[in-house]
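Undergrad: return atomic coordinates for the entry below.
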Amino acid sequence: MSKWRAVSATAIMMDPYTGEILALANRPNFDPGELFEANQSEIRNRAITDCYEPGSTFKIVVGIAALEEKVVTPETRFDCSAGTIEVGGRRIKDDHKHGVLAFREVIQKSSNVGTIKTALMVGKPKLYEYIKKFGFGDKTGIDLQGEISGLVKSPDRWSGTSIGAMAIGQEIAVTPLQVLRAYSAVANGGYLVTPHVVKEIRSPTGAIISKIEPKTQRIISAETAAIFRGILKTVTEAGGTATEAAVEGNEVAGKTGTAQLFDPQTKHYSKTRYIGSFVGFVPAENPRLAMIVVIKEPKGQIYGGIVAGPVFRQIANEALSYLTVPMDKAVDKGLLLVSDKK
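TA: Below you'll find the model as predicted:
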């Protein structure tokens, strides 16, 4: 937040299999010992009380829906060479022209054109079905106060441009925790988990009174989750949008988001105010942690891969070491080849 002179920042780390919150932080924050000196913007838990348009991190919904419904395969080709696409009279463009892309490259390079073409193939009813399957528009059920449900419009309220806008994370409001939960479903093989902070309740003598059991619900097939995990790994590899989120010695699967903030005064999206984010999990094929980093209104840079990706990398490096997670590939350290694999 300090480096990019941002308005706020949020990071959440979760066990993708159980929903256990391993860490959660917001900035600006406050001193609990001086609660009455803090203002409301410092006190609230932005991870569950603040909603935003997620931008490209929301492309997971379109991608999963298309694969699960067998509308596309990873190698389905999309002509994105025009660099723009018109939906309902609105023209939406890519940041860069990409040419012809395979579906896996549409996600890797975060092509708006390719994603919208995919969404049109999926169709309005199915897209809405998967939005709800991933829990958007509903509270996650976390055991913290103040959680909001975000905002998802029912299809009968969609305009002609809505399917294109929603495909790229506009016209929808989500919380950081909702996005993290969606990616955890890909990480854990297809289950939507209920996040929780409390693990168990004990008596003064240490006896366990109650233990929180993980709550999960299968929403997609293990096969689709595995395919999309493979696609998300390419995002942090050469040619992807989040190379700066890559962790030394472990593969990272994830997605960047760079979302324009809507200006209610001009009735248009701002060209100067953005939210940059990165959400992912590591190790990609046997995840120990899933994490989201959201940076609101960074200055100097706007892209999620640049402002949020390095934060993911730094936290993940420390956390994997703390959790004694072995590296899944050898790291060349000059004269010494280091590998934690037995």
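
Undergrad: same question for stretch 78-86, mean pLDDT?
TA: Here stretch 78-86 scores 96 as its mean pLDDT.

Undergrad: got the CA coordinates for it in CSV?
TA: Only the C-alpha atoms of stretch 78-86 are listed here, as CSV (Å, rounded to 0.1, in the frame of the first residue of the first chain):
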residue,chain,number,x,y,z
PHE,A,78,-10.4,-17.9,-31.0
ASP,A,79,-9.7,-15.1,-33.4
CYS,A,80,-8.8,-12.1,-31.3
SER,A,81,-6.8,-10.3,-33.9
ALA,A,82,-9.2,-7.4,-34.2
GLY,A,83,-8.4,-6.5,-30.6
THR,A,84,-12.1,-5.5,-30.0
ILE,A,85,-15.5,-7.0,-29.8
GLU,A,86,-18.9,-5.3,-29.8
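
Undergrad: tell me the buried residues in that stretch?
TA: Neighbour-count burial for stretch 78-86, with 16 or more other C-beta atoms under 10 Å as criterion, is recorded at Phe78, Cys80, Ile85. Every residue, glycine included, has its C-beta placed from N, CA and C.

Undergrad: just confirm Gly137 contacts Leu151, I think it does.
TA: Yes. With contact defined as C-beta atoms under 8 Å, Gly137 reaches Leu151; the gap is 6.9 Å.

Undergrad: the two: who's more crowded?
TA: Gly137 (18 against 13; other C-beta atoms under 10 Å).

Undergrad: can you confirm Val279 is in a strand?
TA: Yes. Residue state for Val279 (DSSP: H, G, I helix; E, B strand; the rest coil) corresponds to a strand.

Undergrad: the closest residue to it other than its chain neighbours: neighbouring residues, count only.
TA: Closest residue to Val279 apart from its sequence neighbours, by C-beta to C-beta, 6 or more residues apart in numbering: Ile292 at 4.1 Å. Close neighbours of Ile292, defined as other C-beta under 10 Å, add up to 30.

Undergrad: ok, Val186 - contacts?
TA: Ile60, Ile64, Ile220, Ala225, Phe228, Arg229, Leu232, Ala253, Phe281 (C-beta atoms under 8 Å, 6 or more residues apart in numbering).

Undergrad: from the middle of its chain, how far away would stretch 203-216 be?
TA: 30 Å (C-alpha atoms, centre = their mean, to the nearest Å).

Undergrad: and it, how far apart are its ends?
TA: Start-to-end span of stretch 203-216 (C-alpha to C-alpha, to the nearest Å) is 27 Å.

Undergrad: any buried residues in that stretch, and which?
TA: Here stretch 203-216 shows Ile212, Thr216 as buried, counting by 16+ other C-beta under 10 Å.

Undergrad: what's the mean pLDDT across it?
TA: Averaged across stretch 203-216, pLDDT comes to 93.

Undergrad: ok, which stretches of the stretch 51-200 of the chain are helices?
TA: For the stretch 51-200 of the chain, helices defined by DSSP state H, counting those that start in this stretch occupy the ranges 59-68, 103-108, 112-122, 124-133, 162-167, 176-187.

Undergrad: tell me the angle of the longest one relative to helix 124-133?
TA: Between helix 176-187 and helix 124-133, the angle formed by their directions is 100 degrees, by axes from the mean of the first three to the mean of the last three C-alpha atoms, to 10 degrees.

Undergrad: make residue 1 into 160 and carry on from there
TA: Got it, the first residue is 160 from now on, which makes the last one we talked about helix 335-346.

Undergrad: what's the angle between helix 335-346 and helix 218-227?
TA: Angle, helix 335-346 to helix 218-227, by the same axes, to 10 degrees: 30 degrees.

Undergrad: residue contacts, Thr277?
TA: Val221, Gly222, Ala225, Val230, Val231, Phe237, Phe262, Val265, Ala326.

Undergrad: what is the burial count for the nearest residue to the third one once chain neighbours are set aside?
TA: So the one you mean is Ala225. Leaving aside its chain neighbours, Ala225 sits nearest to Val231 (4.5 Å; criterion: C-beta to C-beta, 6+ apart). Counted with other C-beta under 10 Å, residues neighbouring Val231 total 22.

Undergrad: can I assume Val231 is in contact with Ala278?
TA: No. At 11.0 Å, Val231 does not count as touching Ala278 under the criterion of C-beta under 8 Å.

Undergrad: which ones are touching the closest residue to Arg361 other than its chain neighbours?
TA: Ranked by C-beta to C-beta, 6+ apart and with sequence neighbours excluded, the top spatial neighbour of Arg361 is Ile367, at 5.6 Å. By C-beta under 8 Å, 6+ apart, the residues touching Ile367 are Glu359, Ile360, Arg361.
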